[in-house]
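Enquirer: Provided below for reference: sequence and predicted model.
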Amino acid sequence: MDLQAALPLLLPRVIVWAETQARQVATLGIVLAQREQELAREVGVAEPERIRLYLIDTLPSPEDPDLRAAALQTGLLGPNMVGLTLGHCVFVCNGHRTSRLLSHEFRHVYQYEQAGSIAAFLPGYLDQIVRFGYDNAAFEKDARAHERDDT
């Protein structure tokens, strides 16, 4: 799939999927422990009390075959991914609730806060992923730069 050409067509569906997932986690997710809230503040999150953590066996994947294919092609979803942030909602695969992963995902929460919403953040984020690749996307580089080691 030519993701550069497909992105404008996929983006509205991605946003609906992401907002739906976030609404579910907002009600099912857990409030961060005090140390996790402090970690979120350390990486710039303005409202860590709004973060909801959802521990899950595998990250959610869109049912829409085009969205799923695009997510796999870009590396956003796949067997090696153990965290996903959508607004103030953070999915973490069971067994991976570490300071390093949480600080990375919390930095994405900060990025969403700066953008103002899921719908405002995802176009720029996904454009970076498509144009430069997951590892070279500026938002991912920023999140990696804010990772904290386990203490």
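Expert: Happy to help now that I have it. Numbers count the residues shown, from 1 in each chain.
Enquirer: and the worst-scoring helix or strand of the chain on mean pLDDT, what does it pack onto?
Expert: When each helix and strand of the chain is scored by mean pLDDT, DSSP states H and E, helix 65-74 comes last, with a mean of 92. Secondary-structure packing of helix 65-74 (3 or more Cβ pairs under 8 Å, 6 or more residues apart in numbering; DSSP states H and E): helix 3-28, helix 118-132. C-beta: built from backbone N, CA, C; applies to glycine.
Enquirer: now stretch 114-125, how far from the chain's geometric center?
Expert: How far stretch 114-125 lies from its chain's middle: 11 Å, per Cα atoms, centre = their mean, to the nearest Å.
Enquirer: do the same with stretch 67-74
Expert: 15 Å.
Enquirer: in it, what counts as buried?
Expert: With burial defined by 16 or more other Cβ atoms under 10 Å, the residues of stretch 67-74 counted as buried are 67, 70, 71, 74.
Enquirer: check contacts around the closest residue to the third one other than its chain neighbours.
Expert: Computed as Cβ to Cβ, 6 or more residues apart in numbering, the closest residue to residue 71 that is not its neighbour in sequence is residue 77, at 4.1 Å. Contact analysis of residue 77 by Cβ atoms under 8 Å, 6 or more residues apart in numbering lists 59, 61, 68, 71, 84.
Enquirer: distance to residue 20 for those - can I get that in TSV?
Expert: Converted to TSV, the contacts of residue 77 look like this (distance: Cβ to Cβ, whole Å):
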residue	distance to residue 20
59	15
61	13
68	15
71	15
84	13
